[in-house]
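Peer 1: Model the following, please.
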Amino acid sequence: MFLSSRSENMLFGMGNPLLDISAVVDKDFLDKFGLKPNDQILAEDKHKALFEELVKRNKVEYHAGGSTQNSVKIAQWMIQKPHKVATFFGCIGTDHFGEILKKKAEEAHVDAHYYEQNEEPTGTCAACITGDNRSLVANLAAANCYKKEKHLDLDGNWELVEKAKVYYIAGFFLTVSPESILKVAKHASDKNKIFCMNLSAPFISQFFKEPLMKVMPYVDILFGNETLFFHVSWY
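Peer 2: Numbering: from 1, shown residues only. Sure thing, here's the model as predicted:
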């Protein structure tokens, strides 16, 4: 169904957009910021200078990232044409990294409609590569600032939601705007469309059980692994 009737904006994703910044670094760089060779962490105060230094000291590659944005970007890549089959909503900052992120999403042919605000900088994820290892440091920043009433509820944006036939949202977005997820999920259910969700990480079911359970009745396809499904069944 999905491939045979593909059209612009038929796949909708909403989540935490991050600008992936990838570079090969040395052990001294990892040690300076207290990083392990193969790890995934959220940025702390001691990592604030990491992103700027990574760009200044190394040859970097930029990619439109974040869990949901990556997923719809890959879907668009697999489909190829038409362009803009995938729509994406999320929050970024009005800054240089935000402009790069918009450009990279456009290059991937994703129809990204970001909520732009100036209180927090665009979210970033540093990929510090040493040999075969990759140390990831994510700074969510603006991604945490998405506002349903200032973006999703706007007529022009909601029309894009209504245009979609398949919806995909990662559980990570439950920490930002569960009310936005619920509105999209209810629409998909009311219109007999397909709503997909990813459990994302164990901490979602551990610490965000209530909003997760509110959305769960509307989920048609649930993604996860053995660990994630165990946590959902346990809690």
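Peer 1: what are the ranges of the helices in the chain?
Peer 2: For the chain, the helices defined by DSSP state H cover 27-32, 50-57, 67-79, 96-107, 155-163, 178-190, 202-207, 209-215, 226-234.
Peer 1: neighbouring contacts of the fifth one?
Peer 2: Outside of helix 155-163, the residues that reach it under the criterion Cβ atoms under 8 Å, 6 or more residues apart in numbering are 8-10, 12, 87, 89, 111, 113, 151-152, 184, 187, 191. Quick note: C-beta positions are derived from backbone N, CA and C, even for glycine.
Peer 1: Can I get that helix as CSV, trimmed to CA atoms?
Peer 2: Provided in CSV are the C-alpha atoms of helix 155-163 (Å, rounded to 0.1, in the frame of the first residue of the first chain):
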residue,chain,number,x,y,z
ASP,A,155,-3.7,25.5,10.4
GLY,A,156,-1.0,25.2,7.7
ASN,A,157,1.0,22.6,9.8
TRP,A,158,-2.1,20.6,10.8
GLU,A,159,-3.0,20.3,7.1
LEU,A,160,0.2,18.4,6.6
VAL,A,161,-0.7,16.1,9.4
GLU,A,162,-4.1,15.5,7.8
LYS,A,163,-2.5,14.8,4.4
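Peer 1: sorry, back to before: do you know which of the helices of the chain lies nearest P17?
Peer 2: Closest to P17 of those, according to Cβ to Cβ: helix 67-79, at 5.2 Å.
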